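*Asks:* Let's see this in three dimensions:
(one chain, ligands or ions: 1)
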Amino acid sequence: MWLRQALAPGEEVTGGWLYQEGVVERSKQIASLYTRRMPRTPKISEDAAAESASLLPFDPVAFHRALARWYRLHARELPWRGMRNPYGTWLSEIMLQQTRVATVIERYSEFMTRFPTIDALAAADESEVLALWSGLGYYRRARMLHRGARFVSRELSGQLPASSAELRTLPGIGEYTSAAIASIAFRESIAVVDGNVERVLFRVLGMAEDRSAAAKAQITRVAQSLMPPAPSARAQGNPPGDHNQAMMELGAMICLPRGPLCLQCPVVKFCKTRGEHETPPREKLKSRTVAHLLALRKRGTTTEVLFQRRSIDASLMPGMLELPPLPLEAVASKEPVLRLRHAITNTNYYVQVFAESAPGVPPYVSSEIADEEYAPFVAAEEEIEATYDSELRRQVVSAERDLRWIATAALYTQPMTGLARKILQRMGVMALPKTRIR
Ligand code: SF4
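*Replies:* Modelled structure (predicted):
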C-alpha cells in the first residue's frame, strides 16, 4: 500500500514487476515517484507507531524506503522470487535453511520439475524425495517437508493456509517458515527473523550479538515494528514480502558476518555501528579422518555399487545410504584412490576412499568423465570384476542385512548421503549434475 500511495492516480504496479524487462529504468522512475509523493505520516496503525517509537531511534518509514529502493535495484534474480506460489516459497525457504544459495538454485529447479505441486510431492515415496534432496544435507528437513505435503494434500485439498498462525500448525513449519510463506506468498505483515536479519538489526541498533531468548524476542519486536502494513485485498504489489526479502538480502549481500560492506549499505545513515561492532569469535571446527570403501561389481551388463544403510536411529542422516565405512587401522598401510574434504555442521571430515578390485584390475572410472587425475584408474567396463570377496570388503564391519548392491543406473533415485554422492561423482561412477550453478 505504501508503494501504491507513491504512484499517480490510476497508476498500477503489476506483480513481478521487479523482474520484467526495463526493470532498472522502471524502478528508478517508481523510486523517484515514491520519494516525491511518500506522505510524511506513515500509514501504520497507532499501536504500531507507538511500538516503533519506543523501539527505534529513527523513522521506520525512512528506513524501509531506503531499503526498498536498494532492493528494487540490486535484488538477485532467484528462481523462487517474483512469483506468487506458496508451495515454491515453502520449498525455497526450507532448502535455504543452512544451505548456500548457489546450491539451492540448482536443486530447487530440479525439485520443482519433479514435484511441481504439493500433491505431486505428497504422492512420492519418501526415498524418492530423499534421493532428490541428496547433497543439500539436513535430511530431516526433506522428511518434514514431505510429511507436511502429505498432510496438506490429504486434509486441506492441496492448498496451504494463508495465515502464519495456521501455517505454524502444519508439520515441519515453524515460526520462521510460517512468517516467510505468509508474508511472501500471502502478503501478511509479519516479520521474518533469520540469522541475517538478526545480525543487521543488532548492528543497526548498536547491540552486542546475543543468542539469548530475550535478545531474540527484542529483535523480533524491532523487526515487526519495521514492517509495512498488509496491503488491501485489491491492491497490487507485496510490501511485506518485499520488505522481508530485502532485509534478508541486505544481511546476505551487504551486512556480511565478517567485513560488512558499509560503504554500499542503503541503511548506513540509520546504523549505530557502521562496521565498528564486535564480531563473535569463529566457531572452532573439529577435524576427523574417515575411510570408505568403493566396491563395484559386474552383474551381466550392469555395474553395481556396494552401499551400507545407516541406522534408522542415527542422529545424522538416519536411513540414508553411504559407502561402507572402513576402520582406519585396516587401511593404515594403503594408498587411497581419492582424498577429499567434506564439512558437516561444525566438523571437517578428511575422507579417504579405497577401491580394491581383483589383482591387475584397476577400480572403475567412466572413461567419459575421468580426467588426467583419475587416468590411472580408467578401465573398460568389461574389466570390472566382483570385489565382494576382496580383502577390503572383509574389513567392512556392517551387518550383512545393512549392505546392498545398487546398479549405477539407479543411483539418482537412491536416498544417499551427500558424501557418497560426492565420492561417486568425483570417481566418475555417477555423472555430475546436468544443471550447473551459474
Ligand atoms: S552500515 Fe554496515 S554494519 Fe550497519 S547495517 Fe549497514 S552494512 Fe551492516
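*Asks:* can you tell me which residues contact A407?
*Replies:* With contact set as CB atoms under 8 Å, 6 or more residues apart in numbering, A407 has these partners: R299, T302, T303, E304. Glycine gets a C-beta too; all of them are placed from N, C-alpha and C.
*Asks:* so which two of the residues you listed are the farthest from each other?
*Replies:* For the contacts of A407, the farthest-apart pair by CB to CB is R299 and T303; their separation is 8.0 Å.
*Asks:* Between these two, tell me which one has more neighbours.
*Replies:* For R299 versus T303, the count of surrounding residues by other CB atoms under 10 Å is larger for T303: 18 against 10.
*Asks:* what's near enough to touch the nearest residue to the more buried one once chain neighbours are set aside?
*Replies:* For T303, ignoring the flanking residues on the chain, the nearest one in space by CB to CB, 6 or more residues apart in numbering is T408 at 4.8 Å. Contacts for T408 (CB under 8 Å, 6+ apart) come out as T302, T303, E304, V305, V429, M430.
*Asks:* Out of those residues, which is nearest to the ligand?
*Replies:* The shortest distance between the ligand and any of these, using CB to the nearest ligand atom, involves M430 and amounts to 41.2 Å.
*Asks:* Next up, the contacts around the closest one.
*Replies:* Going by CB under 8 Å, 6+ apart, M430 touches T408, L411, Y412, R421, L424.
*Asks:* how about 6 Å then?
*Replies:* Applying CB atoms under 6 Å, 6 or more residues apart in numbering, we find M430 in contact with L411, L424.
*Asks:* Helix, strand or coil: sort out it for me.
*Replies:* Secondary structure assignment for M430 (DSSP: H, G, I helix; E, B strand; the rest coil): coil.
*Asks:* so how far is L321 from it?
*Replies:* Between M430 and L321 the distance is 12 Å, computed by CB to CB, to the nearest Å.
*Asks:* Sticking with the residue of the stretch 51-200 of the chain found nearest the ligand, tell me its helix or strand.
*Replies:* Across the stretch 51-200 of the chain, the shortest distance to the ligand (CB to the nearest ligand atom) belongs to V200, at 5.2 Å. Secondary-structure assignment from DSSP states H and E places V200 in helix 195-205.
*Asks:* same question, L419
*Replies:* helix 418-426.
*Asks:* Which strands and helices lie in contact with that helix?
*Replies:* In this structure, helix 418-426 makes packing contacts with no helix or strand, judged by 3 or more CB pairs under 6 Å, 6 or more residues apart in numbering; DSSP states H and E.
*Asks:* Let's see that with 7 Å instead.
*Replies:* In this structure, helix 418-426 makes packing contacts with strand 321-322, strand 338-344, judged by 3 or more CB pairs under 7 Å, 6 or more residues apart in numbering; DSSP states H and E.
*Asks:* partner strands of the first helix or strand past the first one going along the chain, parallel or antiparallel?
*Replies:* Yep, that's strand 321-322 we're talking about. Later in the chain than strand 321-322, the nearest helix or strand by DSSP H and E is strand 325-326. Each strand pairing with strand 325-326, determined using DSSP bridges, is listed with its direction: strand 286-293 (antiparallel).
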